[in-house]
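> just the structure for this:
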Amino acid sequence: MPKSKTIILIHGNFVNNTSWADWKSHYEQKGYTVYTPANPGHEGSPAGLRSKVHPDLSKTGFIDVVNNIAKLIDSLPEKPLIIGHSMAGMAAMKLLEMGKAAAAVSINGAPPKNVFPSV
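Below you'll find the predicted structure:
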């Protein structure tokens, strides 16, 4: 099986794609093509997002994040390696289960809201 040279880094809920800047640079220097897409409702600068919440953020759920990344993957020439942080760690595992990734890593994985019933 050929090794993938494509990586997708998925951010969690309380940051955005800019949080991956140093890691993106690190992997690109090693010869990987790296994508750091913003999850729906997380587009923009972190300071701007804190001062004015994106109107779509409250309407965005786990499946929206998964579908957003799946759409990106479907446009790529190969299955990527996926690294997800926090809730995106669970999204990375879901994408792997869906057959969209060559491999996936969950960093400090956290389930999205309503995955587990309240006690």
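> correct me, but residue 109 touches residue 89?
Yes: at 3.2 Å, residue 109 and residue 89 qualify as touching, with contact defined as C-beta atoms under 8 Å. From N, CA and C alone the C-beta is placed, and that goes for glycine too.
> wait, residue 83 sits on residue 11?
No: taking contact to mean C-beta under 8 Å, the distance of 10.1 Å between residue 83 and residue 11 leaves them out of contact.
> find the residues that touch each one of those two.
Counting by C-beta atoms under 8 Å, 6 or more residues apart in numbering, residue 83 and residue 11 have no common neighbour.
> so what's residue 34 up against?
Here residue 34 is in contact with 6-9, 23-24, 27-28 (criterion: C-beta under 8 Å, 6+ apart).
> do the same with residue 104
In this structure, residue 104 makes contact with 81-84, 92-93, 95-96, judged by C-beta under 8 Å, 6+ apart.
> next secondary structure after the worst-scoring helix or strand of the chain on mean pLDDT?
Among the helical and strand segments of the chain, the one scoring lowest on mean pLDDT, DSSP states H and E is helix 46-51, with a mean of 70. Beyond helix 46-51 in the direction of the C-terminus, DSSP states H and E gives the next helix or strand as helix 62-74.
> the helix or strand just after that next one pairs with which strands?
Helices and strands here follow DSSP H and E; after helix 62-74, the next one along the chain is strand 81-85. The sheet places strand 81-85 alongside strand 6-10 (parallel), strand 103-107 (parallel), with pairing taken from DSSP bridges.
> and those, which is most packed in?
Highest mean neighbour count of the strands paired with strand 81-85: strand 6-10, a mean of 25 (counted as mean count of other C-beta atoms under 10 Å).
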